[in-house]
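1. quick one, structure for this:
(one chain, ligands or ions: 1)
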Amino acid sequence: MFKKILIANRGEIALRVIRACRELGISTVAVYSEADRYSLAVKYADEAVCIGPPPSKESYLNIPRILAAAEVTGADAIHPGYGFLAENTNFAEICATSGITFIGPSPAAINAMGDKALAKETMRKAGVPVVPGSDGVISEVKLAKKIAEDIGYPVIIKATAGGGGRGMRIVREAGDLETAFRTASAEAESAFGNPAVYIEKYLEEPRHVEIQVMGDQFGTVLHFGERDCSVQRRHQKLVEESPSPAVTTKIREAMGNAAIKGSKSVKYVGAGTIEFLLDKNKNFYFMEMNTRIQVEHPVTEEVLGVDLVKTQIEVAAGKRLDKAKPIPEGHAIECRINVEDPNHDFRPSPGKITAFHFPGGHGVRVDTHAYDGYEIPPYYDSLIAKLIVHSSTREEAVEKMYHALDEFVIEGVKTTIPFHRKLMKNDRFRSGKFDTKFIETFDFKD
Ligand code: ADP
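-> Residues are numbered from 1 along each chain as shown. Here you go, the predicted model:
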């Protein structure tokens, strides 16, 4: 087992990893930017090293500084969390050449799945159904037009380096294709430094259903069931749940097997997620793979009673996965509490938290890095807490979530709590019959 793990991240996920390490008897090193000097990760970790000024590029994305911190403190492994360097092949490679274990898949697997167009190709070759579209990236508008005509409108243009819902454009008719192609490409260039885009059929009213996978170093890959992330705003997830109200045992099995097949094709080790779109006729298509732990991993942990972060660390250290799959129990829901104002187009609302009280009780879990008096820095993403509930049925879980949200007090900043409270009372949400377009039609304003 590792002796000391450096956490190359911040916020709630840094705390999540520190806690897992403590339980495993591993020492921890937090790295932090000047804006995070007073963070709980700095307080909770055994050691903490400042790696630079607030902008991510100069701190959490600064590979030489992070590696220097690992060397100075004698860390033998690095946990990248999610975001920042979690899916950076170059970083994983540099860790390996420096003799530090990167807690995640091999650089080759990250590379094969990190490029979205290439990932689709890899999955198609492994026999997994993919959303119909171009074979790889396309550089010419003319070719894009031809493909769009072949697969039929509407189509979606997506950045191959994309993430967080950026670099995507939906095109409903041929006349709009050229502009959409150019803007998607320009947006991808400025957001990801890579202008390459690909094109696929835009599925109307699909559900977003993803499979959690875990692989060890001996070729075993297990799937830990699905999460439904269809409650989205501008292609960004707001609520996740497991099991999916739309997935039957048969679909789960088929999706799970496809996810395992795809993961094995890249010799996947560690925690990963295969994202699918499920259409109205219950056909599913591979969309992308995230080669890291995800924000929404707790819903899977709650229904299965497993600790995915501990397991992820153990397999990175060479432990074999237990092939006896855990049995899912009940229903779990996660609400992402962001410091955003739902009444004003979800605009960010950083600032000082003047009062903070979070809910508790049976089946209620809060993963947060916030505290009373915490000054939320404006430089990073707006997730401030994840509220997760677990109950025996979906109906009970929704009810529990509503009351837990009611108990949650965060003052001094605007949050998405009022949005979630309304959602929990919404008939369509309660019915479980909704798709990724649902939030567009949901009136949540006060
Ligand atoms: P990102 O990596 O930026 O999050 P994804 O490829 O995961 O991008 O897509 C994010 C969301 O965009 C999906 O969950 C889905 O709601 C929507 N989406 C992506 N591709 C399609 C498609 N072909 N048809 C319909 N919706 C899509």
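
2. every contact and neighbour count from this point should use C-alpha atoms.
-> Fine.

3. now the residue nearest to the spatial centre of the chain, what are its backbone angles?
-> Nearest residue to the geometric centre of the chain (C-alpha atoms, centre = their mean): residue 294, 3.6 Å. Note on residue 294: its backbone torsions stand at phi -110, psi 160 [degrees, to the nearest 10].

4. ok, longest strand in the chain?
-> For the chain, the longest strand by residue count, based on DSSP state E, is strand 221-233.

5. I'd like the mean pLDDT over that one, please.
-> For strand 221-233, mean pLDDT rounds to 97.

6. quick one: strands adjacent to that strand?
-> With DSSP bridges as the test, strand 221-233 is paired with strand 207-215 (antiparallel), strand 236-242 (antiparallel).

7. tell me how far the residue nearest to residue 102 when sequence neighbours are not counted lies from the ligand.
-> When the adjacent residues along the chain are set aside, residue 102 lies closest to residue 78, with 5.2 Å between them (C-alpha to C-alpha, 6 or more residues apart in numbering). Distance from residue 78 to the ligand, counting by C-alpha to the nearest ligand atom, to the nearest Å: 24 Å.

8. again with residue 230
-> With distances taken as C-alpha to the nearest ligand atom, residue 230 is found 7 Å from the ligand.

9. what's near enough to touch that residue?
-> 207-209, 237, 239-240, 434-436 (C-alpha atoms under 8 Å, 6 or more residues apart in numbering).

10. mind running it again at 6 Å?
-> 207-208, 435-436 (C-alpha atoms under 6 Å, 6 or more residues apart in numbering).

11. okay, and the residue nearest to residue 102 sits in which element?
-> strand 77-79 (DSSP states H and E).

12. so what does that strand touch, helix or strand wise?
-> strand 4-7, strand 101-102 (3 or more C-alpha pairs under 6 Å, 6 or more residues apart in numbering; DSSP states H and E).

13. how about the residue nearest to the centre of the chain, nearest residue that isn't a chain neighbour?
-> residue 82 (6.2 Å).

14. about what we covered before: most tightly packed of the helices and strands packed on strand 77-79?
-> strand 4-7 (a mean of 27; mean count of other C-alpha atoms under 10 Å).

15. beyond that strand, next helix or strand please.
-> Next helix or strand after strand 4-7 toward the C-terminus (DSSP H and E): helix 11-24.

16. contacting residues for whichever residue of the stretch 1-150 of the chain sits closest to the ligand?
-> Closest contact between the stretch 1-150 of the chain and the ligand, by C-alpha to the nearest ligand atom, is at residue 131 (6.2 Å). Residue 131 is in contact with residue 285, counting by C-alpha under 6 Å, 6+ apart.

17. okay, it and residue 65: tell me how far apart.
-> In this view, residue 131 and residue 65 are 40 Å apart by C-alpha to C-alpha, to the nearest Å.

18. quick one: name the residues of the chain near the ligand.
-> 156, 162-166, 200-204, 208, 235, 287-288, 436 (C-alpha under 6 Å from any ligand atom).

19. scan the residues you listed and report the most crowded one.
-> Counting neighbours by other C-alpha atoms under 10 Å, residue 200 leads those with 25 neighbours.

20. identify the residue nearest that residue in space, chain neighbours excluded?
-> That would be residue 133: by C-alpha to C-alpha, 6+ apart, it lies 3.9 Å from residue 200.

21. the one you found touches residue 202, doesn't it?
-> No: contact criterion C-alpha atoms under 6 Å: residue 133 and residue 202 do not qualify, at 9.4 Å.

22. mind listing the shared neighbours of those two?
-> Counting by C-alpha under 6 Å, 6+ apart, nothing touches both residue 133 and residue 202.

23. can you pull out the helices in this structure?
-> 11-24, 40-44, 63-73, 89-97, 107-114, 116-125, 141-151, 177-192, 249-265, 297-304, 308-316, 394-407, 417-425, 427-431 (DSSP state H).

24. and residue 284, how far is that from the ligand?
-> For residue 284, the distance to the ligand equals 11 Å [C-alpha to the nearest ligand atom].

25. I should have written residue 443 there, sorry.
-> 19 Å.

26. okay, now the domains of the protein?
-> What automatic domain parsing lists as the domains of the chain is 4-103, 132-201, 207-441.

27. chain center to the last one, what's the gap?
-> Just to be clear, that refers to domain 207-441. Domain 207-441 sits 8 Å away from the centroid of its parent chain (C-alpha atoms, centre = their mean, to the nearest Å).

28. ends of that domain, what's the gap?
-> Using C-alpha to C-alpha, one end of domain 207-441 lies 15 Å from the other.

29. number the residues from 278 up from this point.
-> Got it, the first residue is 278 from now on, which makes the last one we talked about domain 484-718.

30. for residue 281, what are its contacts?
-> 303-305, 352-353.

31. tell me the pLDDT of it.
-> On the pLDDT scale, residue 281 gets 98.

32. so what's it bridging to?
-> In this entry, residue 281 is beta-bridged to residue 304, by DSSP bridges.

33. hmm, back to that, out of the contacts of residue 281, which is most surrounded?
-> residue 305 (26 neighbours).

34. who's in contact with it?
-> Going by C-alpha under 6 Å, 6+ apart, the list of residues near residue 305 reads 281-283, 322-323.
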